[in-house]
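Colleague: Pasting a predicted model and its sequence here:
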Amino acid sequence: MKNFKIAEPKSIEQVSGLLSKGGEKVSLMAGGTDMLSEIKEGVAEPDLVVDLSAMKELPFIRKNRDGMHIGAMTTLADLASDPAIRSDYPGLYEAALSVGTPQLRNVGTVGGNLCQRPRCWYYRDAKFLCRKKGGSQCFATRGRNKYHAIFGGGICHIVYPSDLAPMLIALDAKVVVVAPGGEKVLPLSEFYTLPSKNVRRENILNPNEFLREIRIPPPKKGERSTYMKLKERGTWDFALVSAAVKATAGGNSFNDVKIVLGGVAPIPWRLEKVEQGVMKKKLSESMIKETAGAALQEARPMEENRYKVALVEALLVRSLLSIA
Ligand SMILES: Cc1cc2nc3c(=O)[nH]c(=O)nc-3n(C[C@H](O)[C@H](O)[C@H](O)COP(=O)(O)OP(=O)(O)OC[C@H]3O[C@@H](n4cnc5c(N)ncnc54)[C@H](O)[C@@H]3O)c2cc1C
């Protein structure tokens, strides 16, 4: 492991200043649960680590008129134990509780969860110079690809591992990004980027930018949400496939539906065709399967991950029927 310096800024301005330093490789650290393993594995080699843990102004959960504001340094444990999150956004409560273990949730933060790096075993192994690390090939294409993408892969088949991201996108969350010239507010759905646009990164943050806050609009009347995650193991694990669903009930059907999958693509993957197909209709297992079947034609599984297609179908049936 390469030696690095550590800085402990106490204000937003200090963080911005440190990230804008030229000439050094700078990495941001929140809880460090993901970032430190990248350093230990030799995948990240920063000269300077900017530790956000002394930033008193970044952990917060505030219910305002325009919805919920969540600071980037809020821990997953605090998110999952907030009564307003649980009552207003049950799917977000479920997503937060589904992450790792209690120890991990006590340290891991919302910002770190949304900006974590992929778990692809070729990317995480310093010996493989894959495209994401500046190499010329994706080793998953012809190698072991059991956990890889079935949608949106193309030149790199990572899956985005965050449990919060699909649910927050389904809830129409926005992110506040601190940039040198000021702040930008953008939908979380526009925060992630496909390998075809930038194979080295998973989001649109420039090296001198960081996430300050997440904002979720207030729930509509009749809004329901759920997050379901299928894992290989009964204990802590990343999602093989997960489904975040938000819908607004109107009579016997849903007026609006948002479905975002995790574990299937390099970014949280929205299933707009399924959303349209199930909206304003009476839900049943057979109609969900039929609607999902048409959308799943677009999946491009590889040799070892075809099973994910069946998991998506099963999860759509389970999650949609559960909120109906
Ligand atoms: C054993 C284990 C199990 C896990 N299980 C799960 C799981 O089930 N589901 C899941 O979603 N994740 C899981 N994780 C991944 C991860 O540790 C957690 O998602 C955690 O929330 C990351 O938060 P952190 O604060 O520790 O991030 P850090 O490790 O500090 O940072 C992660 C990345 O985000 C960047 N970053 C952090 N904060 C910001 C910010 N404010 N702005 C811009 N960039 C930022 C860092 O530079 C780094 O690249 C697991 C990790 C481990 C080690």
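Modeller: That came in fine, so what should we check first?
Colleague: rest of the way, CA atoms for contacts and neighbours
Modeller: OK.
Colleague: who's in contact with the closest residue to Ala140 other than its chain neighbours?
Modeller: By the measure of Cα to Cα, 6 or more residues apart in numbering, the closest residue to Ala140 outside its immediate chain neighbours is His157, 6.6 Å from it. Under the criterion of Cα atoms under 8 Å, 6 or more residues apart in numbering, the contact list for His157 reads Cys138, Ala140, Thr141, His148, Ala149, Ile150, Ala265, Pro266.
Colleague: so the third one touches Pro301, yeah?
Modeller: Think Thr141. No - with the criterion set as Cα atoms under 8 Å, Thr141 and Pro301 do not qualify as a contacting pair; they are 10.2 Å apart.
Colleague: of the two, who's got more company?
Modeller: For Thr141 and Pro301, the more surrounded residue by other Cα atoms under 10 Å is Pro301, and the numbers stand at 19 against 16.
Colleague: which non-adjacent residue is nearest that one?
Modeller: Once its chain neighbours are removed from consideration, Pro301 has its nearest residue in Ile150; the separation is 4.5 Å (Cα to Cα, 6+ apart).
Colleague: I'd assumed Ala310 was in contact with the one you found.
Modeller: No - counting by Cα under 8 Å, Ala310 is not a contact partner of Ile150; they are 11.4 Å apart.
Colleague: So for those two, which residue has more residues nearby?
Modeller: A direct count of neighbours by other Cα under 10 Å for Ile150 and Ala310 places Ile150 higher, at 26 against 11.
Colleague: can you tell me which residues contact that one?
Modeller: Under the criterion of Cα under 8 Å, 6+ apart, the contact list for Ile150 reads His157, Val264, Ala265, Ala299, Arg300, Pro301, Met302, Asn305, Arg306, Lys308, Val309.
Colleague: In a helix, Lys221, correct?
Modeller: No - under the criterion used here (DSSP: H, G, I helix; E, B strand; the rest coil), Lys221 is coil, not part of a helix.
Colleague: so who does it touch?
Modeller: Contacts for Lys221 were tallied using Cα under 8 Å, 6+ apart; they are Thr248.
Colleague: Compute the distance between it and Pro83, please.
Modeller: Taking Cα to Cα, to the nearest Å as the measure, Lys221 and Pro83 are separated by 18 Å.
Colleague: Tell me if I'm right that Leu58 and Met73 touch.
Modeller: Yes - the pair formed by Leu58 and Met73 meets the contact definition of Cα under 8 Å, at 5.0 Å.
Colleague: Name the SS class of Met167, please.
Modeller: With three-state DSSP as the criterion, Met167 was assigned helix.
Colleague: That one: what's its closest spatial neighbour, skipping adjacent residues?
Modeller: Using Cα to Cα, 6+ apart and skipping the chain neighbours, the partner closest in space to Met167 is Ala244 (4.8 Å).
Colleague: swap in Ile288?
Modeller: Spatial nearest neighbour of Ile288, chain neighbours left out: Val317 (6.0 Å); criterion: Cα to Cα, 6+ apart.
Colleague: Looking at the contacts of Ile150, which one is closest to Leu92?
Modeller: Comparing the contacts of Ile150 against Leu92 with Cα to Cα places Val264 closest, at 19.2 Å.
Colleague: Report how many residues lie close to the closest one.
Modeller: 31.
Colleague: what's the answer for Gly153, then?
Modeller: A count of nearby residues for Gly153, using other Cα under 10 Å, gives 23.
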